[in-house]
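>>> Please work out how this folds:
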Amino acid sequence: MRIPIITVAALLTAVGGVQAQSDSTATAELRRPDGERAGEVLLRQTPGSGTLLTIDLTGLEPGVYAIHIHETGSCEPPTFESAGGHFAPERRSHGFLHPDGPHAGDLINLRVPASGEVSTERLATFVTLSDGAANSLFDADGSAIVVHAGSDDYASQPSGDAGDRLACGVVMR
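Below is the predicted model of the structure:
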């Protein structure tokens, strides 16, 4: 007997669907410092539980990588420092393991297999795509998705000791 695998997106659709308004979805096309495409993230507002990120990346070395939502919608190569720090409108500390954490933009590490390709989903429960909300990714200066060179230890301040920024994409409608 085969047991079907159900993704988070399929489950949300089955239990009431994802809103269809234009403000309920966004994308971020991630680029490497040399301008080459690294992949894409599709963001979808869920009904009451945050924002679902569908992440598709290629060309990475096998390993574990941190991925975060950053506070500024800017990705100037080669360092992508223009994206600022992690998205944290509530001013909490970084990390799922920190007693005063996490940042709204903290996400679970990515595990990249030998193929160098990863397709996965993450739920960011503390962010929204709704305009005007305090935790909206579409605030005055926007936001970005950043993949780091190392893994996030979920505790070190201010960014989990995740290393350099390997890829960056501005969140856009």
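>>> nearest spatial neighbour of Asp100, skipping sequence neighbours?
The shortest distance from Asp100 to any non-neighbouring residue, by C-beta to C-beta, 6 or more residues apart in numbering, is to Ser93 (4.0 Å). C-beta: built from backbone N, CA, C; applies to glycine.
>>> what separates the one you found from Glu29, distance-wise?
Look at Ser93 and Glu29: by C-beta to C-beta, to the nearest Å, they are 30 Å apart.
>>> since we're on Arg37, how many residues are nearby?
Neighbours of Arg37 under the rule other C-beta atoms under 10 Å: 14.
>>> Arg31 is in contact with that one, correct?
Yes. Between Arg37 and Arg31 there is a contact under C-beta atoms under 8 Å: 6.1 Å.
>>> what do these two both touch?
Common contacts of Arg37 and Arg31 (C-beta atoms under 8 Å, 6 or more residues apart in numbering): none found.
>>> Count residues in the vicinity of Pro62, would you?
Neighbour number of Pro62 under other C-beta under 10 Å is 11.
>>> sorry, that was for His94
His94: 27 neighbours (other C-beta under 10 Å).
>>> again with the one 3 residues further on
Using other C-beta under 10 Å as the criterion, Leu97 is surrounded by 13 other residues.
>>> same check, this time on Arg31
18.
>>> repeat for Val171
By other C-beta under 10 Å, the residues close to Val171 number 23.
>>> Report pLDDT for it.
Note on Val171: pLDDT of 98.
>>> start the count at 17, not 1, going forward
New numbering, starting at 17: the last item is Val187.
>>> That one contacts Leu59, correct?
Yes. Taking C-beta under 8 Å as the definition, Val187 is a contact partner of Leu59 at 6.5 Å.
>>> who touches both of the two?
Joint contacts of Val187 and Leu59 (C-beta under 8 Å, 6+ apart) are Ala42, Thr43, Ala44, Leu153.
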